[in-house]
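> The following block contains a protein sequence and its predicted model.
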Amino acid sequence: MTKLDGASAIVTGASSGIGFAVARHLAACGAKVAVNYHGDAESAEALVAEIKQAGGEAFAHRADVAVEEEVTAMFDRTVERFGRVDILVANAGIQKDATIGEMTLADWNAVISLNLTGQFLCSREAIRRFRSQDRAAAPTRAAGAIVSMSSVHDIIPWAGHVNYAATKGGVAMLMKSLAQEVAPENIRVNAISPGAIRTPINREAWEEKDALEKLLRLIPYGRIGEPEDVARAVAWLVSDEADYITGTTLYVDGGMTLYPGFSDNG
């Protein structure tokens, strides 16, 4: 298992799905974890209890990552509890789907605010903390590591989901631009773009047999992903095993971005 002993991590949107699995796995790798949530306190606290039961360190913190003051408070509390911040996994995100003619400005703004502005606010605060900390005391070779959670829809268009797809395209360039800016400070910034993962947000796509069969036609590897597939990739990407990697998007998608519709010459 990847070793993250002594590292302090913040995982946003960690009360369910991918974020839940990421926070749990980072803790299993030895990291101390701040479990961010917005609405589901019960699930976040259950995860904290599970981590502590296994001998790890964690706490739950409610924050809307699209609100600047709440992001700052989340980092303040993490430093207060753990002494520093070494890892940010900017995972929080939502979907509010509609065709373009039916999509409201409110739904557009809500998705942009959380999925893109939230990543900006959390990444900016993480970089500020990385810069202010004792470099010699860092538990990893990097001064800090950020993983931006994106999606295969940073490159695959998605009709009926233009707000979501636009944010993921934005996250890709936000990540690359940040990586370019802070690499000379030994701060690493990367992204992970999951494909179809078995989470509550897309339950209708995998819960019924017919829906799952239709989905699997888009996945050359022949299975839907599990949150743990993404969690293991995150742990590796923030560890010293990936120390020479920055500005890169890792696609955890079973080959979905290989455009399987063209496998028979189109």
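Sure thing, it's come through.
> Run through the stretch 151-266 of the chain and note the low-pLDDT ranges.
For the stretch 151-266 of the chain, applying pLDDT under 70 flags the ranges 266.
> ok, which stretches of it are strands?
Counting by DSSP state E, counting those that start in this stretch, the stretch 151-266 of the chain has these strands, from start to end: 187-194, 249-252.
> what's the answer for the stretch 1-150 of the chain, then?
For the stretch 1-150 of the chain, the strands defined by DSSP E, counting those that start in this stretch cover 8-11, 32-37, 58-62, 87-90, 144-149.
> Which elements pack onto the last one?
Other helices and strands packing on strand 144-149, by 3 or more CB pairs under 8 Å, 6 or more residues apart in numbering; DSSP states H and E, are strand 87-90, helix 118-132, helix 162-182, strand 187-194, helix 227-238. For glycine as for every other residue, the C-beta is placed from the backbone atoms N, C-alpha and C.
> Which neighbouring elements make contact with the third one?
Spelled out, it's helix 162-182. Using 3+ CB pairs under 8 Å, 6+ apart, the elements in contact with helix 162-182 are helix 105-112, helix 118-132, strand 144-149, strand 187-194.
> so what's A60 up against?
Residues near A60 by CB atoms under 8 Å, 6 or more residues apart in numbering: 15, 35-37, 41, 44-45, 47-48.
> Now the two most distant members of these.
Of all pairs drawn from those, the greatest distance, 12.5 Å, lies between N36 and E45 (CB to CB).
> For stretch 149-157, what is the spacing between the initial and final residues?
End-to-end span of stretch 149-157 (CA to CA, to the nearest Å): 17 Å.
> On the pLDDT front, check the closest residue to Y164 other than its chain neighbours for me.
Excluding the flanking residues, the one nearest Y164 by CB to CB, 6 or more residues apart in numbering is Q95, at 5.1 Å. Q95 is assigned a pLDDT of 92 by the prediction.
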